[in-house]
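*Asks:* 3D, please:
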Amino acid sequence: QVQLVESGGGLVQAGGSLRLSCAASGRSFYNYAMGWFRQAPGKEREFVATIKWNGVDTSYADPVKGRFTISRDNAKNTVDLQMNSLKPEDTAVYYCVAGRTRAIVSSGDPPYWGQGTQVTVSS
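*Replies:* Residues are numbered from 1 along each chain as shown. Sure, this is the predicted structure:
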């Protein structure tokens with residue numbers, strides 16, 4: 001079992017940056033791929049990024065490539081999402097997720113979800 005708690009959301013102007021953090025509790029955090037999803041009002045939940053247990057292999061959704069960076073610290077049981085050059089269309093609730101593999105995480109149905117943190121980007 002893995003419990004996930006996000007932090008770091010808020011209000012930022014377009015072009016600005018935010019760093020989201022996710023603290024994981026439970027055993028064997030290092031065994032899990034981690035990721036982020038987001039859901040904007042009236043839209044489907046969408047995949048944002050994922051990172052393998054080794055902290056090296058990552059993948060990103062096209063809308064965020066080159067602007068967002070996912071990282072993890074297995075010693076601290078945390079995964080972060082650095083978001084730069086934010087746009088109003090990045091406004092959404094961001095969810096931290098965990099699954100056994102990156103494929104499971106990016107599939108849209110990973111088994112573990114945080115409660116979400118709101119990110120609002122003003123124009």
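*Asks:* What's opposite the closest residue to Pro111 other than its chain neighbours in the beta bridge?
*Replies:* What sits nearest to Pro111 in space, not counting adjacent residues and going by CB to CB, 6 or more residues apart in numbering, is Gly99, at 5.9 Å. From N, CA and C alone the C-beta is placed, and that goes for glycine too. With beta bridges defined as DSSP bridges, Gly99 has these partners: Ala33.
*Asks:* Please tell me I have it right and Gly99 contacts Trp53.
*Replies:* No - using CB atoms under 8 Å, Gly99 and Trp53 do not qualify as a contacting pair, with a distance of 10.7 Å.
*Asks:* So which helix or strand of this protein has the lowest pLDDT on average?
*Replies:* Across the helices and strands of the chain, mean pLDDT, DSSP states H and E gives its lowest value to helix 102-106, namely a mean of 91.
*Asks:* which other helices and strands contact that one?
*Replies:* Under the contact criterion of 3 or more CB pairs under 8 Å, 6 or more residues apart in numbering; DSSP states H and E, the helices and strands touching helix 102-106 comprise strand 33-39, strand 46-51, strand 92-99.
*Asks:* Those strands: which one's closest to Ser21?
*Replies:* Distances from Ser21 to each of the helices and strands packed on helix 102-106 were compared using CB to CB; the shortest belongs to strand 92-99, at 8.6 Å.
*Asks:* how close does the residue nearest the centre of the chain sit to Ser123?
*Replies:* For the chain, the residue whose C-alpha lies nearest the mean C-alpha position (CA atoms, centre = their mean) is Trp36; its distance is 2.4 Å. Distance check for Trp36 against Ser123: by CB to CB, to the nearest Å, it reads 23 Å.
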